[in-house]
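fold the following, please.
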Amino acid sequence: MLRLALLSIRRPVPTLLVWLAVAAALTVAGLGVSHSLSPSVVTVPGSESSRAQTLADRQFGPSVLVPILLQGPAAQLDRQGPELVRRLAARSDTRVMSAWDGGDAAKALRPAPGSAMIVASLAHSEKAMVNRYQAEIDRTVDFALSGSVRWHITGQPTLDRALKHSAISDTRRAELLAMALLFVLLLALLRRPVAAALVTAFGAASVFMSFGLMTLLGQVIAIDPIALALASISGLALGIGFALIVLRRFLDEEGLRDPHIGRGAEQAAVAHAVATSGRSVLFGGTALAVCLLLAVLIAPTTIVGSLGIGAVLCVLLAVGGAVVVLPAFLVLLGPRIDLGRFGLPAPLDRAWQRLVGAGSFVTARAVWTGAAATAVLAALAVPAAGLKTGPPDISQLPSGSQARHDFETVARVMGPGWPTPYNILVVSSSRPITDTALLRSLDTYQAKLAMDPRIASVAGPGAFRAQTKDLGKLPKTLKDSEKLLKGGRKQLGTLASGLGQAAAGTKTLQAGLQSAASGASQLQSGSGTARNGAGQLKAGIAKARAGALQISGGLDTALTGAKALRAGAAKALAGSKQLTGGLGKAATPVKAGAPVVKQMAADLSSADASLGGLTGSASATTTSLDQAIASLQAAGNDPAVAAALAAVRSARDHASSVASGLGTVQTQISGASGVATAFATQTSQLAGGLGQLLAGSTALQSGIAQLRNGNADLDTGIAKLNTGGGQLTDGLAALQTGAGALEDGLGQLTSGAGQLAGGLSAGTAPAGQLTSGLLSGQSQVTRFRGQLPSAKDLEELQKQSPGLFTNGYFTLAAIAGAPSSQARQAAFAVNLARGGNAGQIVVIPRYASKDERTQQLATSLRDSAAAFGRQTHTTTAVGGPAGNLADYHGVTAGRIWPVVATLAVVVALMLMAMLRTVVLPLVAVAFDLLAAAAAFGILSLLFTGSGAPLGGPGYLDPVIVVALFAASFGITAFFEVALLNRTREEFLRTGDAHRALRAGLRDTAGAVTMVAVAMVAAVVPFLFETIMQVRQIGIGLAAVVILDGLLVRPVLLPAAVELFGRTAWWPTSRSAPGAAQAGELGSRPAPGPDLRPPTLAGGGRS
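All right, here's what the predicted structure looks like:
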């Protein structure tokens, strides 16, 4: 590269044109760096989790899980959740398992009525998910859900997108702040605006060009988002640091930069600066690149690889820019580099001299200063003994990140270990995973895993054993079916015959239903007529009751008359006696009594007429009652009708008795009327024959006596008739009530008969359909009987494939043919689409992935899985998110000490080759290790333990430890070489080790201190990044630079060189080869002592 530097010095314009073209092209390419970043791949190549991932991709195809937690009112979840499931399942690249699928798995996804999980599996790579498909899922969820339903989407793609977004946005912001800060700081240090702008531009160019290279490399290898931030830090710090070393040496060459000599003088000054400081830059850059590459090789994780490659690109660009491109700029600028130069105020000048001139104090008190510096570093390194490492954790994302909030919500609702489960892959090469014996072993294995207190739940293909248990009954069922087939033809013939008979019976049923419907219609009509008759009967009885009431009144009157008649008869008898006694005495009384007799005759005629009317009424009542009896007899056997019929019959008997008695009375009264008439006639003729009257009077007396007796009988009969009339009235009232009830019942009968007629009519058509169906069934049974396979076919099938129905493929087919929701669930556990020879057991830890118990669970699972594989002759591997994290931490943390040892040896060898000595490289490496330990002690204080001051999970990512250690070794080696290389040049020139050390401190103190300050300034804006890993890297690098700039390079290393004296350079001697190396590109020897800061060197120039 030094030859390229010489070429750029001689041909500055072409060099700059080529560099500007390349820089522009890479800068433009770097604009798309965000699209080239890969997800954070924590899979460690060669680990068991990596093997599990390979098996999963081969057996199940590429897939990425996207858990979606829904929260809200249960009713809204049950309405909107299934709709979201339907939309997701409609995607051809998506399998869905949800809380609405049914079964135990679905119950586990519904931890509470107001919370439900949906797990979507997309058949894409993680990078494709991050760049495209995760956004589609987010839009689908956002479109399908609304109102009071909240959703939380998590999974690796969501976290990767959040990490990439934060890394890019934070890095861009930190870059702008760092560039502004660096320009101001460089302006204060260099006091040359042009020089400050040039160096700042080189730092920015290193960053932008590295982004372009990372964009191109991202098409071939995975580039982690964290690598972007590290590239930005490295590009700024190294680009500016390396450029400052060369620029500082060039500014010291004021004697060569004579404007009167022309460009030749500028070329000589640049050549000398590159010949001296360029060697330090080349070695420092090479050492840093080698350290990073060794770290990548020893800890071969994707993240370490991308971090290392990103940093190496920045190193190469920074070295190339400082050694090759910057000299061309310096040649072209020449004296213009000093434009706008201004002086340093006296107080700052004195402070700067004390800072960079402290080397004499150290060399004069080497033991004490070295001991003090060592004690400080040792004290700072003590906390590093308790340094904790762990896998990446969600707390490394910004606290305000939505992705972090969603992840933590899912972990809180479903359980701490739910977002990061273990997956146990089981692959069989000789049988399906649903083989009966293998399923039994899987079920037993899963049950054993579930008993581990570190495990919250286990789900896998073993559950199919219980779900497909009924399939084991199939062989017996088939044997029974074989027996049925043997006698089936005969039984089917019997069935066909029976169906024919049933069809005939249904025809008869149809005809009977039609007849019944006709009879019901007639019943409806007859019952209507009967209801009308009952109404008429009720009206007739009402009239009869009124007549009975009249009869009762008439009988009361007749009874009164009969009583009066009896009294009159008694008087008549007494009168007849008197008449008989008095006839002989005188005729006059006889004549006087003639009108009385005539009047009596008239009364008797009137009574006779009245009794005739009563006799007719009684006869008419009897006739009416006979008609009522006939009507009631035709009305049926209703209890109310029977009671009314009995009452009417009783009334009829009484009415008949009344009519007979009245007839007898009428006859008697009619006779009496005749006698009275005759008596009246005789009385009127009495005057003509009193003799005959005496004989007649005697007969009259006898007749009146009989009349008195008849009158008594009439009185008794009328009294009886009066009593029967009252009973008749009561009976007719009851009969009227019964007739009303009869009328209502007949109304209901009419309505029911109508409904019966309608129902029977409606049943006629189905009966016809039943007939048709039975006939069709008879035909089909007859046809099926002819097609019925022989039992010999089944026997032959069982002989040819005796294990057909007990084979695992039969169970596999049953699972694949299950309802869609159950088949989707099964596809998560068995590779149904790829042969069914592999299964996944999902183990949900009870604790979060960063918990030591969860990490230790990985070892237990791998031991048990290996034992299970040996027992069942299957291939097993433990992976999944938790498995990846466990391997990531275990493998990377296990490589920390090999990285430390390897880098220490390699850097020591490189220093030996560079300095051609043995002692100083070993001492320098020891100091580097102590400084690195102190830096990690500071990180341990700030980031480890519960309640760490600067937040985070309470531990350091082991990848960050490896990357920081590699970077710190490279940076400290660069600073050490800057001092030791200049000291060696002076030692080779003078042979005085003490004088050479003071010259080295004097000539490098200002430049190296300036570089250290600039590097810290470049890192400071990144200390406030929200991503925890970037913050840790920034603080670690700043700590290394500060410790090296304040203690290692200016104190510890000079103290060691002073104490060892010439022995420090053994086996180098003054006559060793390379004594004139400083003049290879320039003829001027190293400058003499000059403690002034670079801004005041040659202060006479303006």
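
how about the contacts made by residue 83?
residue 144 (Cβ atoms under 8 Å, 6 or more residues apart in numbering). Every C-beta, even on glycine, is put in place using the N, C-alpha and C of the backbone.

pLDDT score for it?
Residue 83 is assigned 94 on the pLDDT scale.

ok, and for the helix or strand hosting it, which residues are buried?
Assigned by DSSP states H and E, residue 83 belongs to helix 74-89. By 16 or more other Cβ atoms under 10 Å, the buried positions in helix 74-89 come out as 76-77, 80-82, 84-85, 88-89.

how far is that helix from where the chain is centred?
9 Å (Cα atoms, centre = their mean, to the nearest Å).

keeping just the C-alphas, turn it into PDB.
What follows is helix 74-89, C-alpha atoms only, in PDB (Å, rounded to 0.1, in the frame of the first residue of the first chain):
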ATOM      1  CA  ALA A  74     -65.200 -11.800  24.800                       C
ATOM      2  CA  ALA A  75     -68.200 -11.200  22.500                       C
ATOM      3  CA  GLN A  76     -66.100  -8.900  20.200                       C
ATOM      4  CA  LEU A  77     -63.200 -11.400  20.200                       C
ATOM      5  CA  ASP A  78     -65.600 -14.200  19.200                       C
ATOM      6  CA  ARG A  79     -67.000 -12.100  16.400                       C
ATOM      7  CA  GLN A  80     -63.800 -10.500  14.900                       C
ATOM      8  CA  GLY A  81     -61.300 -13.200  15.800                       C
ATOM      9  CA  PRO A  82     -62.700 -15.900  13.500                       C
ATOM     10  CA  GLU A  83     -63.000 -13.400  10.700                       C
ATOM     11  CA  LEU A  84     -59.300 -12.600  11.000                       C
ATOM     12  CA  VAL A  85     -58.500 -16.300  11.100                       C
ATOM     13  CA  ARG A  86     -60.500 -16.700   7.800                       C
ATOM     14  CA  ARG A  87     -58.600 -13.900   6.200                       C
ATOM     15  CA  LEU A  88     -55.200 -15.200   7.200                       C
ATOM     16  CA  ALA A  89     -56.100 -18.800   6.200                       C
END
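
mind giving me the domain split of the protein?
Here the domain parsing of the chain from automatic domain parsing is 2-38+163-299+319-336+353-398+892-1079, 62-153, 421-475+802-889, 490-786.

so how far does the shortest one reach from one end to the other?
Distance between the boundary residues of domain 62-153 (Cα to Cα, to the nearest Å) amounts to 20 Å.

sorry, back to before: JSON lines for the buried residues of helix 74-89, including distance to residue 314?
Shown next, in JSON lines, are those (distance: Cβ to Cβ, whole Å):
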{"residue": "76", "distance to residue 314": "53"}
{"residue": "77", "distance to residue 314": "51"}
{"residue": "80", "distance to residue 314": "50"}
{"residue": "81", "distance to residue 314": "49"}
{"residue": "82", "distance to residue 314": "52"}
{"residue": "84", "distance to residue 314": "46"}
{"residue": "85", "distance to residue 314": "48"}
{"residue": "88", "distance to residue 314": "43"}
{"residue": "89", "distance to residue 314": "47"}
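
which of these sits closest to residue 936?
Nearest to residue 936 among these is residue 88, at 46.4 Å by Cβ to Cβ.

so that closest one sits right up against residue 118, yeah?
Yes: if you go by Cβ atoms under 8 Å, residue 88 and residue 118 touch, sitting 7.1 Å apart.
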